[in-house]
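1. coords below, sequence missing:
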């Protein structure tokens, strides 16, 4: 039996099926599936990908039997549709489309209206009674075909059209008459002759083979080859070609075209919902020139008539079809239809895009309707979508004047008066005024103002700049790195796009999910955590294996995270505590002390405050595990930098300005990220870590002794590069812990571990595990060092990289699995080889990003830790991971 | 047959041999070997390491037969020496020493004079006729034994001695009389009784077992355990114990002690050479209180009599022995001897330490004497030693007043007047004045001054700071990161150790090999590349497989490196060319241009100059391979930073100061090392790389066309993290290359490759190799990112790390094989898997460090590249690698 190369679909029968994507391409398989389940799809056929492969194997020759198979299938189309290919009286027109397994840039896309020539156009005129329609279709065909198949440059035709419009004194294409268009067709064809030396093909069959050849040829064009190489797509996958009868919704008032959803895509309510236009093409609905009419009478405004009223038969048929579709695809569908001369055709159906709220509601209701299982429901909701539910968003119906765009650094939306300093933000908030804090960049000293503001806007800094990280932790909206604005503190204003000046006190709105900065106030909506959301999360928790912890530095954050379902703290940063107003002075004294005694004196002042912090956090977490990272940032981060600030500090410390200034300058670093920080501080100033360990253990002992808590503190030593660093610091910590335990006379278990955040730590994790009871992968810093990429400086080129697809994703958002992920996996394998019971987690920002969570599940981590507002996202992603769902980040 | 536990040596017979190090420890094996080859070694025995292992296996009990074996061997010593252990009339005294395979801190070291008690001391007095000598020996023994075996704190005894001295009004131990010492022995013993509750053991046998027990016990003390764990030494290696008869060179004028070398250790000349003292202990020779006499008459000054004259028999015996030793050990020996009552004893022989010049001469001459092979000669010279030969060094006999110590950043020594700016250095040099350039730190703008100076001293920056790297490249001496000095540019002076002030114009001397800064001028010596050196290098080149290239940015550097034997350029940095005075203006115009057109205009000015650079370098290298790295540093490095400089630039560029200042500020980066540099520049400003590639190819084409050169330029794209970056930049480069080649109409081969200098590049080297024809491992940056350690900032803690043994070596000096090396090896394996013929090299500073070169050989690199002055070192190290020599960095 010879191979079958061409697959027919039409009239309720199809040679192919949806699952034959590899053979028929995505497009061809879909058309076959729709036809097979009885939808009225315009008939057509698909030339399989095997032809493409054979074509290239056989020196660009088609299989011998192909012409015959194509001809036979054309006859079948004619039989169904009742027109004939090339018949001047009743011509069949077709579309030709490419379709590989996955859509691929660089491939030829679509040729419409193929089959038109000077003879057949007359048939179309006769049948439609509309010469303009017919010549416009002809003009478009010649233009498209010449560009794609004959390689004549598009702009020549555009130019010729512009000339005609200029001569006729009109501006819009739609103002061209039938005659104009007829003449343009002639002009275009003359151009083709001149450019290629050959006349434009009039024979529809020649046209068809030309188009088929162009599709297969495009598989090996440079752009497609490069794309495949970069994306590891084998060349022998090949592409298919689908040829389908054209139908027209714009041949008169008994024609129409429309789109519809089987449920409301905004709310998820189970109601058929859509729009259509009479006598129109699909693109007219999208273009928004005419106001579409509702499909349902009930959904309409009563002014424009609904499809239910205008074409009741077609409407009834559609209602039936949508029921079939939901049963068949078991998901909410987004459909496109065309009515030609009173006959309904389905052009496309696909799973409908929906808001987060709709996704949750549809999934939960479909479980109740018996359509899908709980497992499927959990997999139906994209974890990333939940972000919409957890933060207010801009009312999609509201108008907005965008004056700048920055990085979408922390989701949510907020309006408020502009202020330019943290202190102003705080005092305004005390008067119940809503403010947006605008800064060139923020520093730890701005935290009180960020806390008081509705949202934060910065001109500099990336997705993981100080402003971004803190805002996400607070669940507060933030647009960062908005280089379009120029902040002028002196003038108390900023200049935005097109020179728009915004002064202090003026109201702006931030959209932290899109990065847009908008002039004036825009209404926001908060979808809230509905009952359906709660139900879905309970199902999700039942499926997942990964634990989800949170990154929290304060009792407040800990509380929020617990409410979102966090199962412990994976990263409690102690340095944020150092910035609190009541202790920053003592911290500075410690840093600037001339000797060990001076440092110890200052540390003694900090000790009770740190202990208080830990008491609060331990109480809030009620016995859940808490990982505390010892001091990490370079000491100069705690110091003032301007002369005025140094002057102030010098006065209050009673040391000469020059001495203090010299000390501050001597702590300057060229690359602080790679400088004197993390455990390097603990090695050179062991007294700092000793104080912190003492505070942790005293807090634990007091709670165990006096309040009966069960606490196992996890003490985490940051930035270890070499096992010896950890060996020394662990021995120090054990000494302090045992001393405190002995003093309180209680039994306390504790763990000592490290962050794996440097490539060397991952590479030598087998050695490091000899001294570590747990690893927490600090993927923020690990990404910085593995890529050699500073988060704070990447803003100048990283967006360009992502835009140009040099990096698939911002590696600070989605974990770079092939590079950084290799180190994380290596760290796990080597760590477990040395110490099988080692606890493994991740505490970088990636811990709350779905594709990264799934990766963490795959490589066998015990938990992920993320900011409080991303805990539900991580929980759902972890469930997806356990259910084997691969994360579709486009959802 | 039962196991043998004790190994005797003495009287020309030995149970053991030198190769039994594992069984007898280093010390025991050496003593056995010396005895076996007929040297007059004081007799003794070694208790093997197997006893140690058995001791711990058997709950700290000795093998049953051990006491009997020890007793039998003691009898043997007595038989040889003619004294008896514990005999009051003629007592045998012994030393007890520990000895593992490798020397190990924390282990018990030595107990001398064991066997003394109130009875036997009388025998020593009688025999020596010197009561003071006898009681001093006794006093030392009690003190040492109590400390080491009985765990009585040393300082108690020190304190008691001080009390006696105070009472007697004397200052030196040597002023104590026999009676003082006798009373001190009694006081010490009373203290022991009081502290331990037990009398000091009088029984020599009890003393001996106490000492043996202390050695074995020390194997498991905390310090030894920690040391073993950190150095991966298994506990079951165990330690041996050597017990040896004491001999005394201080029992009268027929006694003596001395040290000697079989050849001159400074020059390598074949002449027996040594010093001795009559009636003295070994430590007296070392202490330098008395002036030693020459061994040889010929070597003496004619004032002090030589051993040859004083004790002609012993001298003749020594002359014979040194001949035996050189034949046996086949290397120059450093020996220690003692003459007791006219009888010569050899206490130790070992391979003698020697200067680089001596090492080369001895090795080459020994080949000619037929003692060793060429292969052995090559392995005898430590590659690192050659550094001494390639640079002038301080005259070792000169006196010097050290006023500060910094990092030995670039070897060599130089004196000159202090100047504080590059311009001053340059103008002074023009007047033929020798100057030392002193700066807080240097920047690329100081290069002309560094070039003009004799040496460079900086207060800040590490071993790979700008000053250090540039100075090494120039072969110029440099002391960097000398934090002891405070530079005051305003006062034109610096303050050094103890407040010494050095003003502009005063002369200082730098020792770049030790890091010392010396007041005034100190004479230097230049050993030079003698004939022997040349011979040795020819042999070395015959053995090595690794090619050795150089890092050179100028025709001058290229020439120097060629003279040192470089086989190509592995790294030609193009940015240094940008700093030349005649083009820095154009470079700044390019950077500060408002748009692409402005940049292109400025680049067009730079093009002919870059082309000129490449012409010069290609000509110098005469067809050898040249790898050229496209622009790497962030653009702000080329800009002025102070307001005054910006003002000047603004004037000459005719733009407003504020505009320029804003632009300069906007280019500021928090972590420039991880910022907008390397290929990221090529991606965002493709026109810069296009210009450079054009310059390279035009230079190559012109030389090929007009001068008949055979040039294959290797174009290297830096800082690639992701294969897509390289894919884009490679395509751009090919386009430019092909355009130039077509224009010149010549045939030129060229290679395009990348630096592997980010962890991600090594991790994904399989992908990157699809686009790279060669890899050059940039281990400087790779070390920075793998460790998360900035070279410029590490000065504050890295020296502490190295000193405390947290890092075995400075990872910027010797490649960190277990961390960074893992990535390099991974890069090689993955790169070759994709592209078997890929060319692999290394161009970090490690390319000239011997242990790193050996590593590069092992993992199969094709070449190493290093600064010109290290080329001979790399050549020799590569030979060592090929000969399987493991590099001993202590040599």
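-> Perfect, thanks for sending it. Just so you know, these numbers come straight off a predicted model, no measurement behind them.
2. Now do residue A:402, the pLDDT please.
-> Residue A:402 is assigned a predicted lDDT (pLDDT) of 94.
3. ok, it to chain B distance?
-> Residue A:402 sits 23 Å away from chain B when distances are taken as CB to the nearest CB, to the nearest Å. Where C-beta positions appear, they are placed from N, C-alpha and C, glycine not excepted.
4. I'd guess residue A:627 is in a strand, am I close?
-> Yes: Residue A:627: assigned to a strand according to DSSP: H, G, I helix; E, B strand; the rest coil.
5. Give me the spatial nearest neighbour of it, chain neighbours excluded.
-> With sequence-adjacent residues excluded and distances taken as CB to CB, 6 or more residues apart in numbering or on different chains, residue A:627 is closest to residue A:714, at 4.1 Å.
6. What is the helix or strand containing the one you found packed up against?
-> When elements are defined using DSSP states H and E, residue A:714 is found to belong to strand A:713-717. Packed against strand A:713-717, as judged by 3 or more CB pairs under 8 Å, 6 or more residues apart in numbering or on different chains; DSSP states H and E, are the following elements: strand A:626-629, helix A:686-707, helix A:723-744, strand A:751-756, strand A:774-777.
7. can you pull the contacts of the residue of the stretch 101-250 of chain A found nearest chain B?
-> In the stretch 101-250 of chain A, no residue comes nearer to chain B than residue A:230, which is 6.0 Å away by CB to the nearest CB. Contacts were defined as CB atoms under 8 Å, 6 or more residues apart in numbering or on different chains; by that measure residue A:230 touches B:723-724, B:727.
8. Please apply the same query to residue A:91.
-> Listed by CB under 8 Å, 6+ apart, the contact partners of residue A:91 are A:83-85, A:115-116, A:120, A:123-124, A:204.
9. hey, what's the nearest residue to residue A:843 once chain neighbours are set aside bridged with?
-> If you skip the residues right next to it in sequence, residue A:843 has residue A:571 as its closest partner in space, 3.8 Å away by CB to CB, 6+ apart. Bridge pairing for residue A:571 (DSSP bridges) gives the partners residue A:551.
10. Report pLDDT for residue A:571.
-> According to the model, residue A:571 scores 97 on pLDDT.
11. And residue A:221, by the same measure?
-> The predicted local confidence for residue A:221 comes out at a pLDDT of 86.
12. my guess is it meets residue A:106, correct?
-> Yes: the pair residue A:221 / residue A:106 is scored as a contact, 6.0 Å apart, by CB atoms under 8 Å.
13. For the stretch 751-891 of chain A, just list every one of the helices.
-> Listed in chain order, the helices of the stretch 751-891 of chain A (DSSP state H, counting those that start in this stretch) span residues A:759-763, A:765-768, A:779-787, A:798-803, A:820-834, A:850-858, A:871-882.
14. Which elements pack onto the fourth one?
-> Other helices and strands packing on helix A:798-803, by 3+ CB pairs under 8 Å, 6+ apart, are helix B:679-684.
15. helices and strands around the helix it packs on, which ones?
-> Under the contact criterion of 3+ CB pairs under 8 Å, 6+ apart, the helices and strands touching helix B:679-684 comprise helix A:798-803, helix B:686-707, helix B:723-744.
16. The second one vs strand B:751-756, what angle?
-> Between the axes of helix B:686-707 and strand B:751-756, defined by axes from the mean of the first three to the mean of the last three CA atoms, to 10 degrees, the angle is 130 degrees.
17. mind listing what's buried in helix B:686-707?
-> Residues of helix B:686-707 classed as buried under the neighbour-count rule (16 or more other CB atoms under 10 Å in any protein chain shown) are B:686-704.
18. Please apply the same query to the first one.
-> Within helix A:798-803, the residues that qualify as buried by neighbour count (16+ other CB under 10 Å) are A:798-799, A:801.
19. Check stretch A:386-402 too.
-> A:386-394.
20. shaky segments in chain A?
-> By pLDDT under 70, the weakly predicted segments of chain A are A:1-2, A:286-289, A:464, A:526-530, A:885-891.
21. so how far is residue A:823 from residue A:449?
-> 37 Å (CB to CB, to the nearest Å).
22. Between those two, which has more neighbouring residues?
-> Regarding residue A:449 and residue A:823, a neighbour count based on other CB atoms under 10 Å in any protein chain shown identifies residue A:823 as having more, with 29 against 24.
23. Would you agree that one is in contact with residue B:762?
-> No: Residue A:823 sits out of contact with residue B:762 when judged by CB under 8 Å, with a separation of 10.4 Å.
24. quick one on the thing from earlier: which of the helices and strands packed on helix B:679-684 sits closest to residue A:331?
-> Nearest of the helices and strands packed on helix B:679-684 to residue A:331, taken as CB to CB: helix A:798-803 at 30.0 Å.
25. returning to that earlier point: who touches the residue nearest to residue A:627 in this structure?
-> By CB under 8 Å, 6+ apart, the contact set of residue A:714 is A:625-628, A:750-753, A:774, A:839.
26. List the contacts of residue A:103.
-> Residue A:103 touches residue A:26, counting by CB under 8 Å, 6+ apart.
27. Contact residues of the stretch 551-700 of chain A facing chain B?
-> Selection of the stretch 551-700 of chain A residues close to chain B by CB under 8 Å from any CB of the partner chain yields A:669-676, A:680, A:683-684.
28. Out of these, which two are the most distant from each other?
-> A:670 and A:683 (20.4 Å).
29. Can you list the residue ranges for helices in the stretch 251-400 of chain A?
-> Secondary structure of the stretch 251-400 of chain A (DSSP H, counting those that start in this stretch): helices at A:282-287, A:307-310, A:312-329, A:356-368, A:374-380, A:386-390.
30. Which among those helices is found nearest to residue B:486?
-> In terms of CB to CB, the element of the helices of the stretch 251-400 of chain A nearest to residue B:486 is helix A:386-390, at 54.2 Å.
31. by contact count, what packs against the closest one?
-> Using 3+ CB pairs under 8 Å, 6+ apart, helix A:386-390 sits against helix A:356-368, helix A:871-882.
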